[in-house]
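Enquirer: sequence first, predicted model second:
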Amino acid sequence: MTIAAAQTIPKRNNIPTNLADHIRLSNLAADHGAKLIVFPEMSITGYERELAKSLAFVPEDERLAALRALSQAKDIVILAGAPILLVTDLHIGMFVLRPGFPDMVYTKQFLHDGEEKYFTPGINTDLQFGLGNEIVSLAICADITNPIHPARASALDTSLYIASIFYTPSGIDEGLSDLQSYAKELSMNVLMSNFGGPSYDYLSAGESTFWTNSGELAGRFAGTGEGLLIMNKLDNTWEQKVLKIG
């Protein structure tokens, strides 16, 4: 099993360029054998609040057609973030594009202070899917600040907990500590994807990371920048490959 976390540097108000980055990095991950790639929080638009409604995606959004085709052609699950409008509510969401399946949408359950002015908390708790021998659960940023979220995933026999994040340098240490503790205490492999450069006028800390279900740090994209953290599982051992771009 091979999985990947993307570190991207989103362009503000430039969805076509950001989607092109998703296609480029997803192709690169697939060429290295990855069966799943996760992007950071609201990766398609960059992290936005005030502009989120004007940039919002909808389920089955036609702008994702090229990513869907890539998922099918390369047999890779693509987890891409965006503000998503469901019925009348705007959510911080993640599209789950799986070869051979309809799109699924995960919505962020727990919001950061200030996000409630623009977004509604998620409505589809406990979204899971299978990937090889893994049972996958998803989290978006502040979801991991509430221990209820990873505990619920563990109770549902999750083996791979995936966090799509936007961490700044001031928040990264606490976030990494929380995720490592969940890996160890709840016996889940944990993969985290963070931006590799600024968004919403905030710096990003990068440091996309992977922990095994014993809490061992097995993979790390050191610092910022664009690229991939690729994790390959051989028997019960995970090995990393870091691809830095530029």
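Expert: That came through fine.

Enquirer: how about Ile9, secondary structure?
Expert: coil (DSSP: H, G, I helix; E, B strand; the rest coil).

Enquirer: so what's it up against?
Expert: 195-198, 225-226 (Cβ atoms under 8 Å, 6 or more residues apart in numbering). Using the backbone N, CA and C atoms, a C-beta is placed for each residue, glycine as well.

Enquirer: so which other helices or strands are in contact with the lengthiest helix in the chain?
Expert: The longest helix of the chain (DSSP state H) is helix 15-31. If you count contacts as 3 or more Cβ pairs under 8 Å, 6 or more residues apart in numbering; DSSP states H and E, helix 15-31 packs onto strand 2-7, strand 36-38, helix 65-74, strand 77-86, strand 226-234.

Enquirer: between the first one and strand 226-234, how big is the angle?
Expert: Just to be clear, that refers to strand 2-7. Going by axes from the mean of the first three to the mean of the last three Cα atoms, to 10 degrees, strand 2-7 is angled at 160 degrees with respect to strand 226-234.

Enquirer: again, but for the fourth one
Expert: Per the same axes, to 10 degrees, the angle that strand 77-86 makes with strand 226-234 is 120 degrees.

Enquirer: and the helices in the protein?
Expert: Under DSSP H, the chain gives helices at 15-31, 52-55, 65-74, 148-155, 172-186.

Enquirer: ok, which of the ones you listed comes nearest Leu97?
Expert: Leu97 lies closest to helix 65-74 among those, at 4.5 Å (Cβ to Cβ).

Enquirer: mind putting the helices of the chain in TSV, mean neighbour count and distance to Ala4 included?
Expert: Below are the helices of the chain laid out as TSV (neighbours: other Cβ atoms under 10 Å; distance: least, Cβ to Cβ, whole Å):
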stretch	mean neighbour count	distance to Ala4
helix 15-31	18	4
helix 52-55	15	25
helix 65-74	16	12
helix 148-155	18	20
helix 172-186	18	17
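
Enquirer: closest one to Gly114 among those helices?
Expert: helix 52-55 (12.2 Å).

Enquirer: now what about that closest one, what contacts it?
Expert: So helix 52-55 is contacted by 13, 15, 42, 45, 48, 82-83, 85, 90, 118-119 (Cβ under 8 Å, 6+ apart).

Enquirer: in ChimeraX, how would I select the buried members of the contacts of Ile9?
Expert: Buried residues within the contacts of Ile9, by 16 or more other Cβ atoms under 10 Å, are selected in ChimeraX with:
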select :195,196,197,198,226
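
Enquirer: quick one: contacts of the longest helix of the chain?
Expert: Helix 15-31 is contacted from outside by 4, 6, 8, 10-11, 37, 39, 43-46, 55, 63-64, 66-67, 70-71, 74-76, 78, 80, 226, 228, 230, 243, using Cβ under 8 Å, 6+ apart.
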